[in-house]
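Colleague: Using only what follows, build the 3D model:
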Amino acid sequence: MTTAVAAPFRFFALHVVRTRRLGPSLVRVTFAGDELREFHSNGCDQSLSLFIPAEGQTEPRVPVELGDGWWQAWRELPDDVRAVMRSYTLRALRRDALGHTTEIDIDFVLHGVEPDAATPAGPASRWASRAAAGDRVLLLGPAVADNRAIRFRPAEDTDLVLIWGDETAVPAASAIVESLPAGIQARVWLEVQHAEDIQDLVTEADAEITWLVRDRFTGDRDAESSPMALDAIRDAQLPSAERPYVWIAGESSHIKALRRHFVGERGVDRRSVTFVGYWRQGLTEEQLRAAE
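Modeller: The predicted model follows:
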């Protein structure tokens, strides 16, 4: 199989090793496969494209043998055959003694899998909620450790890191927090649906982590992000810093509002603000890609 797509990215044929429920809204799926030997990433918020089987299929159908022409050929496959593509971030990877990647973790948000959910689960949430060892997927990921799908890039002289993410960004934000070195200050706001989704994060940094739980504020049972993050951050007393760096990721409209706050109200240099819209309220990933 020809797996080259556009350097530094390629396809990896993987299978599920195990799953672990992290909370009502989150499940961690661990993947392995011989091709992971060529998977390389040094980024804490490494973006990935995951292909899962269409409903009723046992493996994802993506015409990777076409090389750079796979995208158009994939789009032309029938809806009931074409693999479902979703974007995720790498939560963790593990390497063997030779430095080869042996396993990767991806955390999935489970939207609408509850029987009484107001909005039915999408295909990725349904798949993740019932994933089992041996299930096969394809991953479009990095073959080069430093690649353009890594967004967290603070300057070397950064003296304060500010982070916000909703549950779609919690995996990347958590990996970032855990990677921060001793001697750097960090203020972190992570937004989740349920108190049971809160995770223990261990870091050497001087990090103050605030979990914002929507159930406590709204009683809302859906998975859509709320504007409470802006109020919480606007009211926060931040440490003095000469060279702050901001990383914010999640729902697009809230990202824009938070960026305006940090640049316009906090005076952070816009060049030191990384903002990534992982999703847009009311749109599926297919609709979002079409809009873009």
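Colleague: quick one: contacts for the residue positioned nearest the centre of the chain?
Modeller: The centroid of the chain falls nearest to residue 89 when counting by Cα atoms, centre = their mean (3.4 Å). Neighbouring residues of residue 89 by Cβ atoms under 8 Å, 6 or more residues apart in numbering: 45, 46, 47, 48, 106, 169, 171, 172, 175. Heads up, the C-betas are built off the backbone N, CA and C, glycines and all.
Colleague: Sort out for me which of those are in helices.
Modeller: Counting by DSSP state H, the contacts of residue 89 place 171, 172, 175 in helices.
Colleague: What about those residues, which one has the most neighbours?
Modeller: Neighbour counts for the ones in helices among the contacts of residue 89 (other Cβ atoms under 10 Å) peak at residue 172, which has 29 neighbours.
Colleague: Isn't that one up against residue 248?
Modeller: No. Here residue 172 does not reach residue 248: they are 11.0 Å apart, not a contact under Cβ atoms under 8 Å.
Colleague: Overlap of the contact sets of those two?
Modeller: Common neighbours of residue 172 and residue 248 are listed as residue 165 (criterion: Cβ under 8 Å, 6+ apart).
Colleague: coming back round to it: nearest to residue 19, of the ones in helices among the contacts of residue 89?
Modeller: Nearest to residue 19 out of those is residue 171 (Cβ to Cβ; 14.5 Å).
Colleague: Tell me the predicted confidence for the nearest residue to residue 45 once chain neighbours are set aside.
Modeller: The shortest distance from residue 45 to any non-neighbouring residue, by Cβ to Cβ, 6 or more residues apart in numbering, is to residue 172 (3.8 Å). On pLDDT, residue 172 comes in at 97.
Colleague: Same check on residue 285?
Modeller: 63.
Colleague: repeat for residue 292
Modeller: Model confidence at residue 292 (pLDDT) stands at 56.
Colleague: likewise residue 226?
Modeller: pLDDT, residue 226: 51.
Colleague: all numbers from here: first residue = 317
Modeller: OK, 317 is where the count begins now, so the last one is residue 542.
Colleague: what separates residue 439 from residue 413, distance-wise?
Modeller: 38 Å (Cβ to Cβ, to the nearest Å).
Colleague: Show me which of those two is the more surrounded one.
Modeller: residue 439 (17 against 5).
Colleague: what sits against the residue lying closest to the more buried one once chain neighbours are set aside?
Modeller: Using Cβ to Cβ, 6+ apart and skipping residues adjacent in sequence, the residue nearest residue 439 is residue 400, 4.6 Å away. For residue 400, the contact set (Cβ under 8 Å, 6+ apart) comprises 367, 368, 369, 370, 376, 439, 440, 443.
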